[in-house]
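*Asks:* Output the structure for:
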Amino acid sequence: MNDATDYDKILADLLEERANLDRMITWVQGKLGKSEQGILSISSSVVAQGAPQGMPVRSPRLRSDTFFKMSVQEAIRECLNIVRRPLSAREITNALQEGGLTHKAKDLYQTVFPTLMRMKEKGEVDKLANGDWGLSDWYAAGRRAEVENGKRDPE
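*Replies:* As a prediction, the model looks like this:
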């Protein structure tokens with residue numbers, strides 16, 4: 001057995017192969033009309049809720065100009081629409097930075113969190129029990145049930 005196996009080379013080859021597969025998947029999605037604001041990639045840093053620990057989920061890779069010249073509120077809404085799953089305020093902040101949101105804030109999180117709170121007051125987003133944020137439209141059926149059962153005032 002050869003002890004001089006070059007794992008760095010093997011890893012580089014595998015990452016290149018994965019990138020090529022991601023590009024092909026994106027191309028096919030485009031042909032099917034299912035393209036989603038950039039290249040889809042397997043993200044090992046984000047674990048699906050309820051999925052076995054360590055199992056990667058599909059998460060859109062944002063282009064560097066996805067949120068360029070958007071307001072923070074517009075960018076948050078667009079980010080959640082792209083990802084299509086609840087995110088923490090920190091994950092939203094990171095996505096906005098990755099997506100090229102133009103801002104002058106020293107700490108973007110200090111802008112994103114209050115914006116999420118204002119959006120919640122307006123009924124645009126909901127904060128889940130685990131602290132993640134999702135678009136209110138995703139939870140409209142539950143809100144209707146609360147109104148019908150008298151647990152919530154109609155908006």
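
*Asks:* which secondary structure elements does the helix or strand hosting Arg90 contact?
*Replies:* For Arg90, the element it lies in under DSSP states H and E is helix 89-98. Contact here means 3 or more Cβ pairs under 8 Å, 6 or more residues apart in numbering; DSSP states H and E; on that basis helix 89-98 packs against helix 72-83, helix 109-121. The C-beta positions use only the backbone N, C-alpha and C, and glycine is treated the same way.

*Asks:* Any chance of a markdown table for the ones you listed, columns distance to Asp137?
*Replies:* Shown next, in a markdown table, are those (distance: least, Cβ to Cβ, whole Å):
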| stretch | distance to Asp137 |
| --- | --- |
| helix 72-83 | 9 |
| helix 109-121 | 12 |
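
*Asks:* What mean pLDDT does the helix or strand hosting Asp13 get?
*Replies:* Assignment of secondary structure by DSSP H and E places Asp13 within helix 7-32. Mean per-residue pLDDT for helix 7-32: 78.

*Asks:* How about stretch 80-98?
*Replies:* Rounded mean pLDDT across stretch 80-98 is 92.

*Asks:* And the contacts of it?
*Replies:* Defining contact as Cβ atoms under 8 Å, 6 or more residues apart in numbering, one finds that stretch 80-98 is touched by 36-37, 46, 59-60, 62, 64, 66-67, 72, 75-76, 79, 108-109, 112-113, 116, 125, 128, 131-135.

*Asks:* buried subset of the residues you listed?
*Replies:* The neighbour count (16 or more other Cβ atoms under 10 Å) marks 37, 59-60, 62, 66-67, 72, 75-76, 79, 108, 112, 116, 125, 132-135 as buried among these.

*Asks:* Pull the contacting residues for Trp133.
*Replies:* Here Trp133 is in contact with 80, 86-89, 92, 116, 120, 125-127 (Cβ under 8 Å, 6+ apart).

*Asks:* Relative to Asp6, how far out is Ser88?
*Replies:* Ser88 sits 38 Å away from Asp6 when distances are taken as Cβ to Cβ, to the nearest Å.
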